[in-house]
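Engineer: here you go, sequence then predicted model.
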Amino acid sequence: MRDKLLKIIQAYEELEKKLMDPAVVSDPKEYARLAKEHASQSELVAKAREYLGALDDIEAAKEMLHEADADEKAMLQEDISANEAKLPALEDDIKFLLIPADPNDEKDTIVEIRAGVGGDEAAIFAGDLFKMYQHFCEGRGWKIQILSSSPSEAGGFKTIEFKVTGDKVYSVMKYESGVHRVQRVPKTESQGRIQTSTATVAVLPEADEIDIQIDQNDLRIDTYCASGPGGQCVNTTYSAVRITHLPTNTVVQSQDQRSQIQNREVCMQMLRARLYEMELEKQQAEQGAARLSQIGHGNRSEKIRTYNQPQDRVTDHRIGFNGTYNGVLLGDALSSVIEALAAAERAEKLAQAV
């Protein structure tokens, strides 16, 4: 492993020299590309240096043992034991960092929440999930922009789509894709009976024009009057936009922005994200990867997480993680669930790498 790590460190140091090259500094795109590569390698290089440093310290201490007195030998042996104890954890960290990262982890995301089984209560639950993500994202300093929404008369949303921007958003939010199930007594339930409802969450990495090229001839663009709250222009101007991608029959729409131009741009963002996701699924299928749809059919049995209010428990069924109902749904403890999912994924990747 030593030779491999030395080559990684050497390549990193050469990259640092390039970043100081005036020709590179004067080229914003090339500088940004190299700076991103430099940042992505920094943790691996730090671990590599720590690992090689521990190996060097062990070798140096063993050489000194031959000429040391009794007291010095005891101290040197302690140093050797301490450094040897570091090595297994450092090796695991390095193996994990050497696994190619998901190229989408750095991307911003478009999140869609859709009410599933359960009528009005499902729409209310979809609204609760949006509030959970809103609170969670605000706590991480991420920004949320609502792209499209269809409010329910009973409260919450039939559907809501929003964009999340920040540092490595997709690497965190991707774990939320799937069917979420809630078990609780609805506010509208007079008999106090517990109802089970679902909402689906789809997390899509945002795609730009470089990722997905869209032929304008493949689009059917319809405009119509927006409905619901929104000021004097609602129901009087054709500001709402619906775009249909004819080859895939993918439909996106937006009416929440102030102008037709803004709604059209939002639609194109959502369309690029959905087509990009389709392309990823196609590539994975061709590579023989077994991958289920993010949201399934929205049935109660197709769940990744259950929020049980009477038992004050939230269970993530993928890893058997349990948290408190209010803690998770209010967004404060969602980090613990996601960190556990990330740790499980890390363990799985390490096992595959061995």
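Structural biologist: Done, it's in. Numbers count the residues shown, from 1 in each chain.
Engineer: show me the domain layout of the chain.
Structural biologist: Domain ranges of the chain: 2-98, 109-210+290-353, 216-286, per automatic domain parsing.
Engineer: so for the shortest one, what's the average pLDDT?
Structural biologist: In other words, domain 216-286. Taken as a whole, domain 216-286 has a mean pLDDT of 80.
Engineer: hey, which of the domains of the chain is tucked in deepest?
Structural biologist: domain 109-210+290-353 (a mean of 18; mean count of other Cβ atoms under 10 Å). All C-beta atoms are positioned from the backbone trio N, CA, C, and that covers glycine.
Engineer: and Val164, how far from Phe136?
Structural biologist: Between Val164 and Phe136 the computed distance is 10 Å (Cβ to Cβ, to the nearest Å).
Engineer: returning to what we had before: worst average pLDDT in the domains of the chain?
Structural biologist: Among the domains of the chain, domain 216-286 scores lowest, at a mean of 80.
Engineer: show me how far that one is from its chain's centre.
Structural biologist: The chain centre lies 23 Å from the centre of domain 216-286; the measure is Cα atoms, centre = their mean, to the nearest Å.
Engineer: how far out from the middle of the chain is the longest helix belonging to the chain?
Structural biologist: Across the chain, the helix with the greatest residue count (assigned by DSSP state H) is helix 28-65. How far helix 28-65 lies from its chain's middle: 27 Å, per Cα atoms, centre = their mean.
Engineer: which helices and strands sit right next to that helix?
Structural biologist: Where contact means 3 or more Cβ pairs under 8 Å, 6 or more residues apart in numbering; DSSP states H and E, helix 28-65 is packed against helix 2-19, helix 22-25, helix 70-98.
Engineer: can you show me the strands along this protein?
Structural biologist: For the chain, applying DSSP state E gives strands covering 109-115, 143-151, 157-165, 178-184, 195-205, 219-224, 240-245, 250-254, 305-308, 313-316, 321-323.
Engineer: same list (those) but as CSV, adding distance to Lys131.
Structural biologist: Formatted as CSV, those follow (distance: least, Cβ to Cβ, whole Å):
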stretch, distance to Lys131
strand 109-115, 11
strand 143-151, 11
strand 157-165, 11
strand 178-184, 13
strand 195-205, 12
strand 219-224, 29
strand 240-245, 25
strand 250-254, 21
strand 305-308, 13
strand 313-316, 15
strand 321-323, 17
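Engineer: and of those strands, who's closest to Leu87?
Structural biologist: Closest to Leu87 of those is strand 321-323 (Cβ to Cβ; 30.0 Å).
Engineer: give the pairing partners of the closest one; include direction for each.
Structural biologist: Using DSSP bridges, strand 321-323 pairs in its sheet with strand 313-316 (antiparallel).
Engineer: Ser149 contacts Gly127, doesn't it?
Structural biologist: No. Between Ser149 and Gly127 there is no contact under Cβ atoms under 8 Å: 9.8 Å.
Engineer: anything in contact with each of the two?
Structural biologist: By Cβ atoms under 8 Å, 6 or more residues apart in numbering, Ser149 and Gly127 have these common neighbours: Phe157, Ile160.
Engineer: okay, and the common contacts of Val164 and Phe136?
Structural biologist: Counting by Cβ under 8 Å, 6+ apart, nothing touches both Val164 and Phe136.
Engineer: ok, Val337 - contacts?
Structural biologist: Tyr175, Arg305, Val314, Asp316, Phe321, Gly323, Val328.
Engineer: adding distance to Asp92, write those out as JSON lines.
Structural biologist: As requested, those are exported to JSON lines (distance: Cβ to Cβ, whole Å):
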{"residue": "Tyr175", "distance to Asp92": "21"}
{"residue": "Arg305", "distance to Asp92": "28"}
{"residue": "Val314", "distance to Asp92": "29"}
{"residue": "Asp316", "distance to Asp92": "24"}
{"residue": "Phe321", "distance to Asp92": "21"}
{"residue": "Gly323", "distance to Asp92": "26"}
{"residue": "Val328", "distance to Asp92": "29"}
